[in-house]
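**Student:** whatever this is, show me its structure:
(2 chains)
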Amino acid sequence: MSIITKVQAMDTGSGPAETEPCEKPVSTQRDFLQRLFRQPKAIIGIVILTVFILVAIFAPLIAPIDPNAFVGKPNLHPTLVNWLGTTGQGQDVFSQLVWGTRISLFIGFTVGFLSTLLGLIMGMIAGYMPGIVDGILNMFTNVFLLIPGLPLLITLASFLPPGIMTVVMVLVFTGWSWPARVFRSQTLCLREKDFVSAAVVSGEKTGRIVFSEILPNMLSLVVSSFFGSVSYAIAADAGLAFLGFEDVNKVSWGTMLFWASNNSALLQEAWWTFLPPGLCIALVSFATTMLIYAMDEVTNPRLRSEKEITRVLRKFHIFSRRSTPVIKEPITQ
Amino acid sequence: MLEVRDLRVVYLTAHGSVKAVDGVSMTIQPGEVLGLAGESGSGKSTLAHAILRILHPPALITGGQAIFAGRDIMEMEDAELEQFRWKEISIVFQSAMNALNPVMRIRDQLYDVMLQHGLTKGEAHERAVQLFDLVGIEPRRLDSYPHQLSGGMRQRVVIAIALALNPPLLIMDEPTTALDVVVQKDILQQIASLREKLGFSILFITHDLSLLVEFSTHIAIMYAGEIVEQSQARELFNHALHPYTVGLMNSFPSIGGDRHKLTGIPGSPPDLVTPPTGCRFHPRCPNMMPICTQVTPQTNLISNEHSVACHLYSESK
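**Tutor:** Here you go, the predicted model:
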């Protein structure tokens, strides 16, 4: 009893920035979501992605016109009937854009999920099991990192039967190595932490240590990597389709660009055939990037407070950061 | 020699600004050892780092002065500060293990500060050997890397670096926390004898009260970013006034005398984003009065050099 009170009265070890709040800790998960939704970047990213997902789900309602049907003359300007005009072959661009969202997003999210998962498995096993296992897995990862992505993509895509699943496989095949490398180094770093040693000593099973002790500590990295892979997959899919290595009869943003280029839309000055799909790809990448930034700021308290102080300092025209700034006027937060 | 007046430091966080140091005033005279004590999170380290203006963002100094030899440190420009630090006030950091760069030889880390302040390489070498003699390490250890030294030796090296330019004031931020008691005693004795030899003053930060009373000439007790009691060491030890100081004194056992139960201080330090109104200690204070929740107590001089911020001792009572 007496020892406990003593420890309470004079806690050992103190850093300069240490303050212990006396309230009970709030539910961290809710706290996390609240912080996430207070981030303008997160809101922008979530809103854009939600809009695209809704468009993909409700495509038949939003664009009742069959995207493959020939509805008019080629390269018609946008009108009230064909909101974004027609393609070089007389199909409705708006309809294609809406229906194309389905395939593009499907590929994006599937590839994002699979390559993050594969990267996670390879990276965490390699990171947690030093020696021969790590040696072999790491060699694999390095080989895949070294292979130039686009040529491999093209080679694979041109030899395999065209189809959505082929594209997904090819993109996962070329996209898992970077997440794997990141997860491996993070696991290597976490493995040395005392709480992992404590888990080992208390007899926890390897699987539990890896998935319950280590994995939650790198969740923010996993989420960032997922969104990064989504953005990569959508762009790479568009690239493959544009080069004609996909089934060009399926409607996606990539194939729209392929047909626009095939029908020399630039010469025809038919901007409405290539600008909308290009813009959509850019918007999705933008949204995922925003989410990654927001994630980073929410999970890294240092970044958050840096932002705050930068704002205050800028207001008082202080730019030097080599010594602790002195501001003797009231600060409004 | 060093006079701190009404110093205020905040940390800007997403939940509001944390008032880590809130209106602290104190003086250190030449030859004094001022011991600064308090719980974790009471702002002692923040105060020490603020005096040198080496706090990292999101820290911000929002008011006050720290006057050293007629100059206000809070008004200094970056370049001026760089010359000032170490030459006039140097610091021994909390953990020597982290203060030394593991991939640089000790020699180069000692040279660093001296070359920066205008010594030549030859002079730096001479001084380094001299410093190692001073802190009791063989000069051939200059070529070691930090991991080749024991914890106590590393702490000595850090002290040697702090003494490199012969500064009149040394800030020691819990210099012996990571060491065992035997090494701790060794190092403190060495610091004491160095102080006698070289005559510098020390701002000594610790949460170890027995050490504090032993080592300091004056003591200041911090609680929740404020200094609640300040006095000569003996006087404070024998006549602690503030209920918090009394609580701290009752939290550690004496070796001799009767056995009695340690009481400690119930509760935990307050949240400094929204500190308690009135006296900050009132939620935990055994002598709480109605006025304590309303009015912030003024610092009153009780006797020569003994001041306390508590309503129990204010004149109005």
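**Student:** tell me which residue in the stretch 101-250 of chain B sits closest to chain A.
**Tutor:** When CB to the nearest CB is the measure, the stretch 101-250 of chain B has its nearest residue to chain A at B:His207, with 5.0 Å between them. The C-beta positions use only the backbone N, C-alpha and C, and glycine is treated the same way.
**Student:** look at that residue and say how many residues are nearby.
**Tutor:** For B:His207, the number of neighbouring residues by other CB atoms under 10 Å in any protein chain shown comes to 22.
**Student:** any idea how far B:Met222 is from it?
**Tutor:** The spacing between B:His207 and B:Met222, counted by CB to CB, to the nearest Å, is 10 Å.
**Student:** which residues do these two both contact?
**Tutor:** Contact with both B:His207 and B:Met222 is made by residues B:Ala37, B:Gly38, according to CB atoms under 8 Å, 6 or more residues apart in numbering or on different chains.
**Student:** so where's the stretch 101-250 of chain A uncertain?
**Tutor:** For the stretch 101-250 of chain A, not a single residue meets the criterion pLDDT under 70.
**Student:** give me the nearest residue to A:Leu303, chain neighbours excluded.
**Tutor:** The spatial neighbour of A:Leu303 that comes closest, neighbours along the chain excluded (CB to CB, 6 or more residues apart in numbering or on different chains), is A:Glu297 at 4.9 Å.
**Student:** quick one: neighbours of that neighbour, just the number.
**Tutor:** 20.
**Student:** repeat for A:Leu240
**Tutor:** By other CB under 10 Å, the residues close to A:Leu240 number 25.
**Student:** that one and A:Gly119, how far apart?
**Tutor:** Counting by CB to CB - A:Leu240 and A:Gly119 are separated by 21 Å.
**Student:** who's in contact with the closest residue to B:Glu138 other than its chain neighbours?
**Tutor:** In space, not counting the residues next to it along the chain, B:Glu138 is nearest to B:Phe132; the distance is 7.1 Å by CB to CB, 6+ apart. Contact criterion CB under 8 Å, 6+ apart gives B:Glu138, B:Pro139, B:Arg141, B:Leu142, B:Ala160 as the residues in contact with B:Phe132.
**Student:** again, but for A:Val200
**Tutor:** If a contact means CB under 8 Å, 6+ apart, then A:Val200 has A:Ile209 as its contacts.
**Student:** same thing but 10 Å
**Tutor:** For A:Val200, the contact set (CB atoms under 10 Å, 6 or more residues apart in numbering or on different chains) comprises A:Arg191, A:Thr206, A:Ile209, A:Glu213.
**Student:** cool, and A:Asn263?
**Tutor:** Contacts of A:Asn263 were listed using CB under 10 Å, 6+ apart, and they are A:Pro74, A:Asn75, A:Thr87, A:Gly88, A:Gln89, A:Ala270, A:Thr273, A:Phe274.
**Student:** that older thread, got a quick ChimeraX command for the buried subset of the contacts of B:Phe132?
**Tutor:** Selection of buried members from the contacts of B:Phe132 for ChimeraX, criterion 16 or more other CB atoms under 10 Å in any protein chain shown:
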select /B:142,160
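**Student:** out of the contacts of B:Phe132, which are inside helices?
**Tutor:** Here DSSP state H is the test, and the contacts of B:Phe132 give B:Ala160 as lying in helices.
**Student:** can you add distance to B:His260 and pLDDT and give the contacts of B:Phe132 back as a markdown table?
**Tutor:** Converted to a markdown table, those look like this (distance: CB to CB, whole Å; pLDDT from 0 to 100):
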| residue | distance to B:His260 | pLDDT |
| --- | --- | --- |
| B:Glu138 | 47 | 89 |
| B:Pro139 | 50 | 89 |
| B:Arg141 | 47 | 89 |
| B:Leu142 | 51 | 89 |
| B:Ala160 | 43 | 89 |
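**Student:** quick check, nearest of the contacts of B:Phe132 to B:Ala128?
**Tutor:** The nearest member of these to B:Ala128, counting by CB to CB, is B:Leu142 at 5.9 Å.
**Student:** how many neighbours does the closest residue to chain A within the stretch 151-300 of chain B have?
**Tutor:** For the stretch 151-300 of chain B and chain A, the shortest gap (CB to the nearest CB) falls at B:Gly264, measuring 2.9 Å. A total of 21 residues lie near B:Gly264 under the criterion other CB under 10 Å.
**Student:** so who does B:Gln65 touch?
**Tutor:** With contacts taken as CB under 10 Å, 6+ apart, B:Gln65 has the following neighbours: A:Val326, A:Lys328, B:Glu3, B:Val4, B:Arg5, B:Asp6, B:Leu7, B:Ser25, B:Asp72, B:Ile73, B:Met74, B:Glu75.
**Student:** surely it is in a helix?
**Tutor:** No - read with DSSP: H, G, I helix; E, B strand; the rest coil, B:Gln65 is strand and lies in no helix.
**Student:** that one bridge partners, please.
**Tutor:** For B:Gln65, the beta-bridge partners are B:Arg5 (DSSP bridges).
**Student:** still on that earlier bit, which of the contacts of A:Asn263 sits closest to chain B?
**Tutor:** Nearest to chain B, judged by CB to the nearest CB, of the contacts of A:Asn263 is A:Phe274 at 43.0 Å.
**Student:** where's the closest one, which helix or strand?
**Tutor:** Assigned by DSSP states H and E, A:Phe274 belongs to helix A:271-299.
**Student:** which other helices and strands contact that helix?
**Tutor:** Based on contacts counted as 3 or more CB pairs under 10 Å, 6 or more residues apart in numbering or on different chains; DSSP states H and E, the elements that helix A:271-299 packs against are helix A:28-38, helix A:40-57, helix A:93-128, helix A:219-242, helix A:253-262, helix A:265-268, helix A:301-315.
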